[in-house]
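just coords:
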Ligand code: FNR
Ligand code: LAC
C-alpha cells in the first residue's frame with residue numbers, strides 16, 4: 001500500500017534506500033537522470049565506494065545488555081537524532097518543485113542536519129526559512145573573486161547556518177561523459193540563485209576553458225583566509241590524503257569530510273571508506289571526521305562509525321527519494337537508514 005500526504009508519497013514496495021532508484025529512473029528525464037546518477041570517467045571510483053562497503057564484515061555480538069540502540073550524535077554543539085546528514089547536492093530544482101526547501105524540511109522533521117550547496121536552486125535565505133528549528137550547514141564553493149566568497153559566508157552566518165563545509169576536491173568538475181553523451185544542460189531558469197550572473201555549465205571543464213577555471217581555483221592560503229574570517233566551525237570536504245587532512249586541521253579547520261564527491265570528480269580515486277581509518281588515526285579524536293560516498297544501508301553507517309567517522313552524509317538516494325516521494329520520501333529514507341543503523345547496533349553492539 002502506498003502512503004501519501006501533502007508532503008509526498010511512499011510508493012508500495014519502497015522499504016530501503018536502494019528502492020528509490022528504479023522509480024526515480026522512470027520519473028526523471030534522461031538529462032537529469034544522467035546528472036544525478038552520473039560519475040566521472042568510467043565510474044570506477046563510484047563503484048569502489050559501494051564495493052568497499054560490500055567487502056566490509058560485521059561480527060555479530062550476542063546477549064548484549066544494551067537497551068537503547070539509537071545513535072544520536074553531537075556536532076558543533078547540536079545534538080541530532082542520527083549520525084546521518086543530508087549531503088550538499090546542487091540544483092535540486094531539477095528534481096522537485098520544492099527544491100532544497102523539500103529536502104531541508106525533511107531533514108528537520110527527522111532531526112538531522114541539512115547541508116545546503118552553494119549551487120542551490122533556491123537562495124540560501126529561503127532554505128534557512130525552511131529549517132523549522134533544524135540544524136543547517138552551508139557548503140561553500142570558494143569563488144574566484146574572494147569578495148563574492150566573503151559575501152556568501154556573511155549571508156550564511158546571517159541566516160543562522162551553524163557550520164561551513166568548504167568543498168576542496170572539485171576545482172574542475174572532472175570528465176563527465178555520462179552527462180555529455182545525453183547533452184545535459186542546466187535549464188537557464190534553474191541557474192543557482194546564490195550566484196547572480198552564474199552561467200557556466202558544470203559538467204564540461206574542457207569546453208568551458210580549463211585554464212580559466214584553474215585560474216580561479218581555491219588555494220590553501222585562500223581557505224586559511226576564509227577560516228580566519230568566519231566565526232563558524234569549518235570542515236574541508238573532499239579529503240582522501242592523510243597529509244591534506246593534517247594540513248586542514250593545521251590551518252584551523254575543525255575537521256574534514258572524507259569524500260571523493262561520490263566518484264563524480266576524479267575517476268580512479270580510492271573508495272572513501274578505505275581512506276577513513278588512516279585519516280582518523282592521523283587526526284586523533286578531537287577532529288570532526290565525516291564520510292560520504294556509497295552509504296546505502298544502516299550496516300554501512302555502522303561500519304563507517306566503527307572505522308572512525310562521527311557521522312556520514314548521503315547524496316544520491318535522498319535526491320531519488322525527493323524526486324519520487326517529495327519531502328515525505330526524503331524523511332522516510334533518512335528514518336529507514338537510522339532504523340537500520342539501530343538494528344545493526346542491536347545485533348553487533350555499539351560501533
Ligand atoms: C553532489 N555533490 C556535491 N558536493 C558538493 O560539495 N557540492 C555540490 O554542489 C554537490 N552537488 C552534487 C550534485 C549531485 C547531483 C550529486 C549526486 C552529488 C556530492 C555530494 O555532496 C556527496 O559527496 C556524494 O553525493 C556522496 O556520494 P553518494 O551518497 O551519492 O554515493
Ligand atoms: C556536482 C557538483 C555540482 O557534483 O558538485 O555535480
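That came in fine, so what should we check first? Model, not experiment: these values are computed from the prediction. Ligands and ions are numbered 1, 2, ... in the order given.

what residues sit buried inside the host helix or strand of residue 127?
Following DSSP states H and E, the helix or strand that holds residue 127 is helix 124-129. Within helix 124-129, the residues scored as buried using 16 or more other Cβ atoms under 10 Å are 124, 126-128. Placement of C-beta: from N, CA and C, glycine included.

once you drop chain neighbours, what's closest to whichever residue of the chain sits closest to ligand 2?
Proximity to ligand 2, evaluated over the chain using Cβ to the nearest ligand atom, is greatest for residue 90 at 3.7 Å. Closest residue to residue 90 in three dimensions, ignoring its sequence neighbours and counting by Cβ to Cβ, 6 or more residues apart in numbering: residue 119, at 3.5 Å.

who touches the one you found in this structure?
Remark: with contacts taken as Cβ atoms under 8 Å, 6 or more residues apart in numbering, residue 119 is in contact with 90-91, 141, 192, 194-195, 202.

got it, and residue 303?
Contacts for residue 303 (Cβ under 8 Å, 6+ apart) come out as 53, 56, 58, 273, 351.

any idea how many residues pack against the last one?
It stands for residue 351. For residue 351, the neighbour count with other Cβ atoms under 10 Å is 18.

same thing with residue 83?
Other residues close to residue 83 by other Cβ under 10 Å number 23.

separation between it and residue 111?
12 Å (Cβ to Cβ, to the nearest Å).

check residue 297 too.
For residue 297 relative to residue 111 (Cβ to Cβ), the value is 20 Å.

again with residue 190
29 Å.

one more: residue 28?
Taking Cβ to Cβ, one finds residue 28 at 29 Å from residue 111.

please apply the same query to residue 273.
Residue 273 sits 25 Å away from residue 111, taking Cβ to Cβ as the criterion.

these two: which is more packed in?
More crowded of residue 273 and residue 111, by other Cβ under 10 Å: residue 273, with 27 against 17.

my guess is that one meets residue 49, correct?
Yes. Contact criterion Cβ atoms under 8 Å: residue 273 and residue 49 qualify, at 7.0 Å.

what average pLDDT does stretch 146-166 get?
Confidence for stretch 146-166, expressed as mean pLDDT, is 97.

check stretch 35-45 too.
Stretch 35-45 carries an average pLDDT of 97.

hmm, it touching ligand 1?
Yes. For stretch 35-45 and ligand 1, the contact criterion (Cβ under 6 Å from any ligand atom) is met by 35-36.

quick check: buried residues in that stretch?
35-41, 43, 45.

so what's the gap between that stretch and the chain middle?
16 Å (Cα atoms, centre = their mean, to the nearest Å).

can you tell me if that stretch touches ligand 2.
No. Judged by Cβ under 6 Å from any ligand atom, stretch 35-45 makes no contact with ligand 2; its nearest approach is 6.8 Å.

secondary structure class for the nearest residue to residue 330 once chain neighbours are set aside?
Distances taken as Cβ to Cβ, 6+ apart put residue 106 closest to residue 330, at 3.5 Å, once the chain neighbours are dropped. Put simply, residue 106 is helix when judged by DSSP: H, G, I helix; E, B strand; the rest coil.
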